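1. Could you look at this predicted model? Sequence included:
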Amino acid sequence: MTSRVPGTHAAEQLPPAFPERAAWGTAGKLRAWQAEALEEYFDKQPRDFLAVATPGAGKTTFALRLAAELLAKRVVDRVTVVAPTEHLKVQWADAAARVGIRLDPQFKNSQGRHAPGFHGVAVTYAQVAAKPVLHHNRTAAARTLVVLDEVHHAGDSLSWGDAIREAFEPARRRLSLTGTPFRSDTAAIPFVEYEPDDEGIRTSRSDYTYGYSQALQDGVVRPVLFLAYAGEMRWRTKAGDEMSAVLGAEATKDIHSQAWRTALDPNGEWIPAVLRAADRRLSEVRHTVPDAGGLVIATDQTVARAYAKQLSEICGEQVTVVLSDESGASSRIEEFQNSDRRWMVAVRMVSEGVDVPRLAVGVYATSSATPLFFAQAIGRFVRARRRGETASIFLPSVPILMALANSLEAERDHALDRKSNPDDDGLVTFDDEALAEANRAESASDDLLGSFEALDAQASFDKVLFDGGEFGAGGAVGSADELDFIGIPGLLEPDQVTELLRKHQADQQTRRSHVAVEEPQPATDEFEHRALKEDRNRLQTLVGAWARRTGKPHATVHVDLRKACGGPAVADATREQVRDRITKLEAWFVGRR
């Protein structure tokens with residue numbers, strides 16, 4: 001039997017009585033899904049309950065309403081909320097206070113017990129993992145409801161999972177919450193039930209699910225407009241060789257990863273160009289949503305500071321910087337939320353659970369690429385406040401992110417016993433293992449960044465992804481091809497957004513058809529090689545876009561173009577032949593074969 005920690009006897013810490021008519025009675029009407037989930041819970045009265053709801057749907061409100069009812073009915077006497085970060089502890093305590101539940105977010109393991117006058121505590125997963133016996137004894141000392149916020153963090157490591165299981169095994173009730181019921185590894189999550197599927201792979205089973213698609217239909221979350229940017233990257237390897245690649249084009253994993261990181265280098269031209277475009281988009285949105293804000297998600301503290309400096313010069317005002325889960329970070333986030341300041345730059349802290357509803361424009365400037373991180377990051381922008389709001393996310397045009405953006409509405413569960421892919425040929429793929437590998441590279445970023453030197457990063461507008469469709473066929477930064485899509489009004493119904501995207505795509509094709517019939521100006525011999533290189537890069541970008549749209553390999557697209565236009569392989573084609581293929585591909589994008 002585990003010994004009891006001094007100071008945790010129930011008699012010494014009786015929580016204040018919770019009234020039968022609790023504060024939540026006047027806290028506002030529940031959303032339909034929240035009411036349905038509560039009914040499901042109280043019909044079954046389970047000890048463990050897993051609720052999966054898309055980011056921005058209102059999991060906190062659901063959990064606190066449930067906690068209030070359990071306290072009022074004397075089913076539990078104490079509440080413990082476990083959150084991923086220090087900031088979220090405070091956010092939970094503030095939300096709980098509004099419905100009459102008093103949680104202590106300042107509780108430290110060294111205290112042994114929470115201060116008098118509270119119904120419980122808000123702690124972090126790391127805090128519990130540091131002293132699981134302490135939290136076991138606190139849980140056993142009174143009838144306790146444990147709320148595990150973003151419960152997938154309980155599987156961050158085997159030791160964490162064991163600690164969470166030990167700490168909260170005595171709980172009278174456990175409520176697990178997540179907006180992303182999957183992980184990139186196969187570590188089992190405590191208190192989550194797994195069932196084998198048809199192939200024998202154990203998959204997490206939720207007790208109630210409210211997905212992004214349903215929330216979108218209900219108007220609970222915003223639709224997301226993804227604006228993808230490509231461009232040519234150049235870097236020098238450790239061996240001294242200069243390499244180049246078009247961002248998002250077919251490549252090996254190493255080339256793909258280094259091109260992506262070259263794009264994110266604050267010393268190149270890619271990031272400033274994308275930040276300027278995002279700031280223009282934010283200005284457009286603020287015409288109809290005056291307090292709309294933007295967030296740049298960076299890879300590390302060094303580049304976060306550099307991005308903030310560039311953004312400040314672009315927008316002409318101070319940029320809020322949240323570097324880590326450190327002292328003062330919570331107050332900076334809260335200050336930003338309560339202001340009308342345009343931009344915030346953060347590393348990981350604002351990627352999950354943090355509630356800043358006015359965020360409407362984002363720049364995904366990080367190398368993290370797991371489904372978990374991507375979904376949580378995009379979740380910061382989807383909380384709806386009024387009809388017609390659309391979130392706008394700027395991101396690198398790389399296959400992994402394009403796949404995640406296109407599958408945003410897909411429902412996914414946490415699968416254990418995942419089988420490895422024996423057919424991996426070293427090319428970029430879209431399966432979970434490839435995504436996990438891309439994310440693992442972030443943890444070794446110092447080693448990887450030390451293996452090459454970014455030389456040049458040029459940006460070009462690639463396309464827009466919205467509602468499962470792709471729009472646009474690329475364009476230079478600052479061109480009408482880009483500005484048409486950036487300038488879409490900030491308040492439109494989803495079908496109106498789609499209609500405008502189609503119109504701008506048609507306008508783009510009309511402009512290019514007009515240019516194509518004009519006699520091109522001959523280039524001088526001195527610059528002919530540069531013009532040919534630009535045309536080849538343009539063709540490669542379009543081939544990549546067409547391959548993603550059709551599912552065909554890049555090589556097959558090139559073969560189809562040669563059949564349609566004639567001529568040799570791209571490497572041996574003249575500039576006129578390359579331009580013919582560009583024109584043909586652009587016609588394919590608007591349905592003309």
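-> Nice, I can see it.

2. From Gly294, how far off is the spatially closest residue to Leu483 that is not a sequence neighbour?
-> Spatial nearest neighbour of Leu483, excluding adjacent residues (Cβ to Cβ, 6 or more residues apart in numbering): Arg280 at 7.7 Å. (C-beta placed from N, C-alpha, C; glycine too.) Arg280 sits 11 Å away from Gly294, going by Cβ to Cβ, to the nearest Å.

3. neighbour-wise, which of those two wins?
-> Between Arg280 and Gly294, counted using other Cβ atoms under 10 Å, the more crowded position is Gly294 (28 against 17).

4. That one contacts Leu275, correct?
-> No: using Cβ atoms under 8 Å as the test, Gly294 is too far from Leu275 to be in contact (9.4 Å).

5. Common neighbours of the two, please.
-> Residues touching both Gly294 and Leu275 by Cβ atoms under 8 Å, 6 or more residues apart in numbering: Val363.

6. How many neighbouring residues does Asp291 have?
-> When neighbours are counted by other Cβ under 10 Å, Asp291 registers 15.

7. need the contact list for it.
-> 340, 358.

8. tell me which element it is part of?
-> Assigned by DSSP states H and E, Asp291 belongs to neither a helix nor a strand.

9. measure it to Val221 for me?
-> Distance of Asp291 to Val221, given as Cβ to Cβ: 19 Å.

10. cool, and Glu242?
-> If you measure Glu242 against Val221 using Cβ to Cβ, the figure is 45 Å.

11. more crowded one of those two?
-> Neighbour count, other Cβ under 10 Å: between Glu242 and Val221, Val221 has more, with 23 against 12.

12. mind checking pLDDT for that one?
-> pLDDT recorded at Val221 is 84.

13. My guess is it contacts Gly56. True?
-> Yes: at 4.8 Å, Val221 counts as touching Gly56 under the criterion of Cβ under 8 Å.

14. Find residues that contact each of the two.
-> By Cβ under 8 Å, 6+ apart, the residues touching both Val221 and Gly56 are 215, 382-384.

15. Okay, and the beta partners of the nearest residue to Glu453 once chain neighbours are set aside?
-> Distances taken as Cβ to Cβ, 6+ apart put Arg236 closest to Glu453, at 4.4 Å, once the chain neighbours are dropped. Arg236 has the following beta-bridge partners by DSSP bridges: Glu242, Glu453.

16. List the contacts of Arg236.
-> 242-243, 452-453, 455.

17. Just give me the least confident of the residues you listed.
-> Phe452 (67).

18. Using the three-state scheme, assign Gln91.
-> helix (DSSP: H, G, I helix; E, B strand; the rest coil).

19. neighbours of the closest residue in space to it that isn't next to it in sequence, just the number please.
-> Setting aside the residues directly before and after it, Gln91 is nearest to Asp355 in space (Cβ to Cβ, 6+ apart), at 6.2 Å. Asp355 has 18 neighbours, counted by other Cβ under 10 Å.

20. Can you give me the distance of Asp355 to Ala93?
-> Applying Cβ to Cβ to Asp355 and Ala93 gives a distance of 13 Å.

21. do the same with Pro223
-> Pro223 is 32 Å from Ala93, by Cβ to Cβ.

22. Scan the protein for its longest helix.
-> helix 525-550 (DSSP state H).

23. Check which residues of it are buried.
-> Residues 531-532, 535-548 are the ones in helix 525-550 that count as buried (16 or more other Cβ atoms under 10 Å).

24. can you pull the contacts of Asp484?
-> 504, 507-508.

25. Check Leu177 too.
-> Leu177 neighbours (Cβ under 8 Å, 6+ apart): 50-51, 53, 59, 62-63, 147-151.

26. switch the cut-off to 7 Å
-> Going by Cβ atoms under 7 Å, 6 or more residues apart in numbering, Leu177 touches 51, 59, 63, 147-151.

27. Now do the helices in the stretch 101-250 of the chain.
-> Ranges of helices within the stretch 101-250 of the chain are 125-130, 132-140, 158-168, 212-217, based on DSSP state H, counting those that start in this stretch.

28. Reformat those as CSV; add mean pLDDT, distance to Gln337 and mean neighbour count.
-> Formatted as CSV, these follow (pLDDT from 0 to 100; distance: least, Cβ to Cβ, whole Å; neighbours: other Cβ atoms under 10 Å):
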stretch, mean pLDDT, distance to Gln337, mean neighbour count
helix 125-130, 94, 24, 20
helix 132-140, 96, 30, 22
helix 158-168, 89, 30, 19
helix 212-217, 82, 21, 18
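
29. Let's have those helices in JSON lines, adding distance to Arg98.
-> Listed next are those as JSON lines, based on distance: least, Cβ to Cβ, whole Å:
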{"stretch": "helix 125-130", "distance to Arg98": "24"}
{"stretch": "helix 132-140", "distance to Arg98": "25"}
{"stretch": "helix 158-168", "distance to Arg98": "25"}
{"stretch": "helix 212-217", "distance to Arg98": "22"}
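
30. State the helix or strand in which the nearest residue to Val123 once chain neighbours are set aside lies.
-> Sequence neighbours aside, Val82 is the residue nearest to Val123 in space, at 5.7 Å (criterion: Cβ to Cβ, 6+ apart). Using DSSP H and E, Val82 maps to strand 78-83.

31. hang on, the earlier thing: and the residue nearest to Leu483, what pLDDT?
-> At Arg280, the model reports a pLDDT of 96.

32. Equivalent analysis for Leu561, please.
-> For Leu561, the pLDDT comes out at 87.

33. That one against Thr583, yeah?
-> No: the pair Leu561 / Thr583 is not scored as a contact, 10.4 Å apart, by Cβ atoms under 7 Å.

34. pretty sure Asp481 is touching Phe471, no?
-> No: counting by Cβ under 7 Å, Asp481 does not reach Phe471; the two are 11.0 Å apart.

35. Any stretches of the stretch 201-350 of the chain with poor pLDDT?
-> Scanning the stretch 201-350 of the chain with the threshold set as pLDDT under 70 gives 324-327, 348-350.

36. Where do the strands of the stretch 101-250 of the chain begin and end?
-> 103-104, 120-124, 144-148, 173-178, 193-196, 202-205, 208-210, 224-230, 232-237, 242-246 (DSSP state E, counting those that start in this stretch).

37. and of the ones you listed, who's closest to Leu395?
-> strand 224-230 (6.0 Å; Cβ to Cβ).

38. List the contacts of the closest one.
-> With contacts defined as Cβ under 7 Å, 6+ apart, strand 224-230 is touched by 246-248, 274, 378, 381-382, 390-397, 402, 405, 408, 459-466, 474, 485, 497, 541.

39. how far away is Val464 from Gly179?
-> Taken as Cβ to Cβ, the span from Val464 to Gly179 is 25 Å.

40. The two: which is more packed in?
-> A side-by-side neighbour count of Val464 and Gly179, using other Cβ under 10 Å, places Gly179 first with 25 against 22.

41. Please state the backbone phi and psi of the more buried one?
-> Per-residue torsions, Gly179: phi -100, psi -10 (degrees, to the nearest 10).
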